[in-house]
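Visitor: I would like the atomic coordinates for the input below:
(chains A and B, ligands or ions: 2)
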Amino acid sequence: MPLNIIVCIKWVPNTQIVNIDPNTGTLIREGVPSIINPHDLNAVEMALRLKEKYGGVVTAVSMAPMSAKTGLEFVIGMGVDRAILVSDRVFAGADTLATSYTLSKVIEKLRPFDILIFGQETIDSSTAHIGAQTASWLRVPYLYYVVDVEYINGVVRATRRLEKKIEVYELPTPCLLAVAMKSNEPRPVKLSHKLRAKMENVIEVWTNNEVGLKRECIGLRGSPTVVEKCIVTPSVPRKKQRFDGQDVREAVKWLVDRLIEDEGLKII
Amino acid sequence: MSSTAICPEWDPINKDEWRGVWVFIETLEGEVNEASLQLLNPGRVIADKINTELVGVIVGHNVKQMLKEPIYYGADKVIYVEDSRLSIYTPEIFAETLIALIRRYKPEILLAAGTLRGREMIPYVANVLKAGITADCTDFDVDVKTRDLIMIRPPFGATLLAHIRAPNRRPQISTVRPNVFRLPERDPSRRGEIIEERVDIPEPRIKLISSQDIRVEEIPIEKAEIIISGGRGIGSPEGFKMLEELAGLLNGVVAGSRKAVDAGWISHERQVGQTGKSVKASLYVAVGISGAAQHLFGIREAMTVVAVNNDPEAPIFENADYGIVADYREAIPALIEEINKRRSKAR
Ligand SMILES: Cc1cc2nc3c(=O)[nH]c(=O)nc-3n(C[C@H](O)[C@H](O)[C@H](O)COP(=O)(O)OP(=O)(O)OC[C@H]3O[C@@H](n4cnc5c(N)ncnc54)[C@H](O)[C@@H]3O)c2cc1C
Ligand SMILES: Nc1ncnc2c1ncn2[C@@H]1O[C@H](COP(=O)(O)O)[C@@H](O)[C@H]1O
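Guide: Ligands and ions are numbered 1, 2, ... in the order given. The predicted structure is shown next:
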């Protein structure tokens, strides 16, 4: 039986190049391009390896604005077979509960599926919620921090890494795995694959017409949490003394003196 | 349908039935997790403000000898489930056990440590209950009138802190990274009620096949006294060797910013900051690190902060005790030499 694998990817602002307005303390978002959440590329890689080993179809799902099409083209370039862009204004403002609800309803429509693959967390919100929450909506067993996966006699065997342990678990299908950051180094895009992305129906756009969810379950209204306000982070008071001069040797002497005499550190 | 209709997937709740502040106490590997105990600190403050009890919740197998610890650290009560079916952790089974207790007692707030396992199981707990959850909170407040927990966390790209509430749902759930709060004073003379509960534990759908300890040679950064931390300014893995040499000399460890982790110069376990670790070192040396808010968050509890950066405008200087404006490739070898020189003199 070929595997039906679904991988969820998020389209995120490139936080590497986001800058903060020094006057207002707010983000300068203008001109900041979005990228696929880097940790989700590791998830795509794991999905593709599974497909290569055991046969099957990989579908990528992303809930995002239309601009995420570029990201989906990219993963098709890596070898993903089909992509679904879930995009509708009514989904906007969702917290993790409403986001996972919407994703799970989309995934429901892709049944029967065998393995759902998620990234470990996103670089913009870093909650690591969506995997566990989607598993809960779909009532499928799940595991985080997975570095390697095999599929033997209809059973998923997942190896995961915790800080001081390597664990191997068996899960029935369907199940959900979140891929450990930095594991499963993503492959480069192949031009021949990428050309497929331009073909019709490889990237489908689903609005809420296709998904059919109640307004009170999605977006802002389907979100139990609300952001009330944002305040500037108070900073920890520090001494802010700086060595005054150019000579590096003098500077390090000054530093060692300060650390020993003023801070009482026993470094010598 | 009125615009205030709630999603039919959510059980309606009566907020007034939900009382008490719970801290989920992780007890895996046969000991009480310190990060969980740290949460009795904010938990105590919140419970006192809204005049309710603070409860430590333990679920697991062979937990009996640990039951008093939460009370020593400030809980009024401990509720626990002792069950051999919990001898092996799987996220679902632990989550379902906790959910059963929450349904029985209806606490208004649940705090849990954002350990690897906490981050895995707590969002599932929240989802089953359709509760509002926030990850990686850095502070809390509480609205005494509405009993809403104000969950404070740095949002995306933050020098800002977002204040988040879940006004219509209970419990209100937050995870907190280790070391964000200090461990409360342990007072073994404190007394409190200890209640055993039994719950239906479902058959696990997933099975642990093997578990192997990996030897971790390095001191974890959250325990280190001296940390030499490198950022993108280090520029290469060879540069990190220089930092290691200094760290070795001072009996310290090496850590890094997220950009250093992204570049692959250092492992994620050694990342300092909001999405990495908080450290409590007595000396933190930031080398080639600009001092972004998310990074600074991780060094709030560091005693002395030193910055080495070749850009005099780098924000790290405003957030350090001592600063040297220099190229680290000159400053670090000079520092190593200076320390060696003084040591040989002292001998
Ligand atoms: C949601 C979110 C969470 C985040 N979490 C974290 C986190 O947990 N931890 C974290 O660190 N970051 C985190 N970040 C990223 C953070 O915003 C910064 O991008 C990051 O901390 C910058 O790393 P850096 O200081 O190493 O690099 P840069 O900001 O690029 O700074 C490099 C510095 O090196 C200096 N330099 C260059 N060459 C030299 C030289 N030869 N000698 C001396 N100095 C030199 C430069 O002057 C510069 O100041 C997060 C971001 C987001 C959006
Ligand atoms: N909008 C989204 N669309 C598709 N997948 C998502 C979305 N948001 C989060 N995910 C998935 O959930 C994982 C965890 O995200 P987070 O909980 O935001 O840290 C990501 O790595 C993705 O695999």
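Visitor: nearest spatial neighbour of residue A:191, skipping sequence neighbours?
Guide: residue A:77 (7.6 Å; C-beta to C-beta, 6 or more residues apart in numbering or on different chains). (Each C-beta comes from the backbone N, C-alpha and C, glycine too.)
Visitor: now the one you found: phi and psi?
Guide: phi -60, psi -30 (degrees, to the nearest 10).
Visitor: state the pLDDT value of the residue in chain A that ligand 2 sits nearest to.
Guide: Relative to ligand 2, the nearest point of chain A is residue A:119 (2.5 Å; C-beta to the nearest ligand atom). As predicted, residue A:119 sits at a pLDDT of 98.
Visitor: give me the neighbour count for it.
Guide: Counted by other C-beta atoms under 10 Å in any protein chain shown, the residues lying close to residue A:119 total 27.
Visitor: next: the one 5 residues further on.
Guide: Under the neighbour criterion other C-beta under 10 Å, residue A:124 is assigned a count of 18.
Visitor: so it touches residue A:15, yeah?
Guide: Yes: shown here, residue A:124 and residue A:15 form a contact pair, counting by C-beta atoms under 8 Å, at 5.8 Å.
Visitor: residue A:55 contacts residue A:3, correct?
Guide: Yes: using C-beta under 8 Å, residue A:55 makes contact with residue A:3 at a distance of 6.8 Å.
Visitor: between these two, which one's more packed in?
Guide: It is residue A:3, of residue A:55 and residue A:3, that has more neighbours when counted by other C-beta under 10 Å, with 19 against 11.
Visitor: spatially, what comes nearest to the more buried one if we skip its sequence neighbours?
Guide: residue A:56 (3.3 Å).
Visitor: can you check residue A:123 too?
Guide: Per C-beta to C-beta, 6+ apart, closest to residue A:123 is residue A:15, 5.1 Å.
Visitor: so the one you found: helix, strand or coil?
Guide: coil (DSSP: H, G, I helix; E, B strand; the rest coil).
Visitor: how about residue B:316?
Guide: helix.
Visitor: give the contact list for the residue of chain A closest to ligand 2.
Guide: Neighbouring residues of residue A:119 by C-beta atoms under 8 Å, 6 or more residues apart in numbering or on different chains: A:8, A:9, A:10, A:37, A:39, A:40, A:41, A:42, A:43, A:178, A:179, A:181.
Visitor: if we go to 7 Å?
Guide: Applying C-beta atoms under 7 Å, 6 or more residues apart in numbering or on different chains, we find residue A:119 in contact with A:9, A:37, A:39, A:40, A:42, A:43, A:178, A:179.
Visitor: which parts of chain B are helices?
Guide: Using DSSP state H, the helices found in chain B span residues B:34-38, B:40-49, B:69-72, B:91-105, B:116-129, B:237-249, B:258-262, B:293-297, B:328-346.
Visitor: where does residue A:268 land on pLDDT?
Guide: 88.
Visitor: with adjacent residues omitted, what lies nearest to residue 113?
Guide: By default, I'm working from chain A. Nearest one to residue A:113, counting by C-beta to C-beta, 6+ apart, is residue A:4 at 4.6 Å.
Visitor: try chain B instead
Guide: residue B:35 (3.7 Å).
Visitor: quick revisit: could you tell me the least trusted of the helices of chain B?
Guide: Across the helices of chain B, the lowest-scoring stretch is helix B:293-297, with a mean of 89.
Visitor: got the buried residues for it?
Guide: B:293, B:294, B:295, B:296, B:297 (16 or more other C-beta atoms under 10 Å in any protein chain shown).
Visitor: how about it and ligand 1, touching?
Guide: Yes: Helix B:293-297 comes into contact with ligand 1 (C-beta under 6 Å from any ligand atom), by way of B:294, B:295.
Visitor: what does that helix contact?
Guide: A:233, A:235, B:138, B:154, B:158-159, B:257, B:272-275, B:289, B:319.
Visitor: tell me which of those fall in strands.
Guide: For these, not one is inside strands, with DSSP state E as the criterion.
Visitor: just grab the bridge partners of the residue of chain A closest to ligand 2 for me.
Guide: residue A:179 (DSSP bridges).
Visitor: checking the spatially most central residue of chain A next. Helix, strand or coil?
Guide: For chain A, residue A:122 is the residue whose C-alpha lies nearest the centre (C-alpha atoms, centre = their mean; 3.5 Å). What three-state DSSP gives for residue A:122 is coil.
Visitor: what's it in contact with, if anything?
Guide: A:10, A:12, A:37.
Visitor: show me the residues you listed that map onto strands.
Guide: Checking these against DSSP E, those in strands are residue A:12.
Visitor: of all the contacts of residue A:122, which comes closest to chain B?
Guide: Nearest to chain B among the contacts of residue A:122 is residue A:12, at 8.7 Å by C-beta to the nearest C-beta.
Visitor: which residues does the closest one contact?
Guide: Contacts of residue A:12 (C-beta under 7 Å, 6+ apart): A:34, A:35, A:37, A:122, A:123, A:124.
Visitor: am I right that the second one sits in a strand?
Guide: When you say that, I think you mean residue A:35. Yes: assessed with three-state DSSP, residue A:35 lies in a strand.
Visitor: quick check: closest non-adjacent residue to it.
Guide: residue A:14 (4.8 Å).
Visitor: again, but for residue A:114
Guide: residue A:173 (4.3 Å).
Visitor: just to check, that neighbour is in contact with residue A:158?
Guide: No: here residue A:173 does not reach residue A:158: they are 11.6 Å apart, not a contact under C-beta atoms under 7 Å.
Visitor: tell me which of the two has more neighbours.
Guide: Set residue A:173 next to residue A:158 and count neighbours by other C-beta under 10 Å: residue A:158 wins out with 26 against 18.
Visitor: which SS state does the more buried one fall under?
Guide: strand.
Visitor: sort out which residues of stretch B:75-84 are buried, please.
Guide: B:75, B:76, B:77, B:78, B:79, B:80, B:81, B:82, B:83.
Visitor: do stretch A:71-90 as well
Guide: In stretch A:71-90, counting by 16+ other C-beta under 10 Å, buried: A:71-88, A:90.
Visitor: and it, does that touch ligand 2?
Guide: No: using C-beta under 6 Å from any ligand atom, stretch A:71-90 stays clear of ligand 2, with a minimum separation of 7.1 Å.
Visitor: got the domain ranges for chain B?
Guide: B:3-196, B:221-346 (automatic domain parsing).
Visitor: could you measure from residue B:261 over to ligand 2?
Guide: 16 Å (C-beta to the nearest ligand atom, to the nearest Å).
Visitor: show me the common contact partners of residue A:124 and residue A:15, please.
Guide: By C-beta under 7 Å, 6+ apart, no residue touches both residue A:124 and residue A:15.
Visitor: got the contact list for the residue nearest to residue A:113?
Guide: A:56, A:57, A:112, A:113, A:114.
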